[in-house]
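**Student:** Here is a sequence with its predicted model. Questions after.
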Amino acid sequence: MAERIDAFLVAGGRYHDIDFARAELLKLLAEHEQVRVRVSHDFRDTGAIAESRFLVTYTCDLRPSPEEQKALQAYVEGGGRWLALHGTNAVLDFTATGAVAPKVIDTLAHTLGSQFIAHPPIQPFTVESCAPDHPLVRGIESFETDDELYLCEMHEEDKLVPLLKTHYSGEAPGFAVSDWSGSDEHLVMYLRPLGEGAVLYNNLGHCRGHYDMQPLMDYFPQVERCSWELPEYHELLRRGLRWCLGDEG
């Protein structure tokens, strides 16, 4: 008989169809009958997070307090595993010069290994493996997705374990840091070891419904599902959850 495993899911924030992502992640977590999940829209219950075997997050513009950021760092350093998805590393302020990524999550960004800065318009791009022998990506061939291509500021990049990458050099209209013409390779998924634990970060998985851009826009005309429509993305999520359980490297 398998022992019960407690997990914590944070799904919250803005500009995304959080309800859709939460439901999809709960379906995948339900494939593991021994996993019991507590769900929250923020990071305030740091005690429950600390008691959980692993943490899964799908957020955007969610700004944990300095105390919450330190608790998350301690959780990973103490041996916790954290599957961080898409906008978990993203906070945004909208200014006259474009969207800015304010430096209000420094501890969180250090824990995650990156902070989102900008993305070009949603468009097709190719995702490639950069660790073909690693169990988290072994056997996954290069694939094309139609998603937000995250352009990030990396933290302690030399300590990260790259797993998936893409290439982009060009503009990110609408963002204060818009010129990325001098860049090329960008990590899509990586492991960030920290202390006794680690973060597995995958920045794919944008989703948006008609009502998710309020108050900036009352009705968004197009439903966006992006990588959620791909079998490769679901396989990466399943492997990520098995990694949380102690498998897949």
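**Tutor:** Yep, it's here. Numbering: from 1, shown residues only.

**Student:** how about the helices of this protein, start to end?
**Tutor:** All helices of the chain, identified by DSSP state H, fall at 18-29, 46-50, 66-77, 106-112, 231-244.

**Student:** list the contacts for Leu85?
**Tutor:** By C-beta atoms under 8 Å, 6 or more residues apart in numbering, Leu85 lies in contact with 21, 56-58, 201-205, 237. No exception for glycine: its C-beta is placed from N, CA and C like everyone else's.

**Student:** which residues pair with the closest residue to Ser40 other than its chain neighbours across the strands?
**Tutor:** Excluding the flanking residues, the one nearest Ser40 by C-beta to C-beta, 6 or more residues apart in numbering is Val10, at 5.4 Å. Taking DSSP bridges as the rule, Val10 bridges to Ser40, Thr57.

**Student:** my read: Val10 touches Ser52, true?
**Tutor:** No - if you go by C-beta atoms under 8 Å, Val10 and Ser52 don't touch, sitting 10.7 Å apart.

**Student:** more neighbours, these two?
**Tutor:** For Val10 and Ser52, the more surrounded residue by other C-beta atoms under 10 Å is Val10, and the numbers stand at 26 against 23.

**Student:** tell me the pLDDT at the more buried one?
**Tutor:** For Val10, the model assigns a pLDDT of 99.

**Student:** which residues does it contact?
**Tutor:** Applying C-beta under 8 Å, 6+ apart to Val10 gives the contacts 39-43, 55-59, 62.

**Student:** same deal with Gly80?
**Tutor:** 49-50, 52-55, 197.

**Student:** now swap in Phe175 and tell me
**Tutor:** 98-100, 117-119.

**Student:** Quick check: pLDDT value at the nearest residue to it once chain neighbours are set aside.
**Tutor:** Distances taken as C-beta to C-beta, 6+ apart put Ala118 closest to Phe175, at 3.6 Å, once the chain neighbours are dropped. Reported pLDDT at Ala118 in the predicted model: 98.

**Student:** For Ala118, list the residues it contacts.
**Tutor:** Counting by C-beta under 8 Å, 6+ apart, Ala118 makes contact with 99, 101, 151, 172, 175-178, 180.

**Student:** Also Leu194?
**Tutor:** Counting by C-beta under 8 Å, 6+ apart, Leu194 touches 73, 76-77, 111.

**Student:** Now the two most distant members of those.
**Tutor:** Spatially, the most separated pair among the contacts of Leu194 is Glu77 and Thr111, at 8.5 Å (C-beta to C-beta).

**Student:** And those two? Which one has more around it.
**Tutor:** Just comparing Glu77 and Thr111: by other C-beta under 10 Å the higher neighbour count belongs to Thr111, 25 against 13.

**Student:** Report pLDDT for the closest residue to that one other than its chain neighbours.
**Tutor:** Excluding its sequence neighbours, the residue lying closest to Thr111 (C-beta to C-beta, 6+ apart) is Gln73, at 4.5 Å. Per-residue pLDDT puts Gln73 at 98.

**Student:** does Val223 really touch Tyr211, like I thought?
**Tutor:** No - contact criterion C-beta under 8 Å: Val223 and Tyr211 do not qualify, at 10.4 Å.
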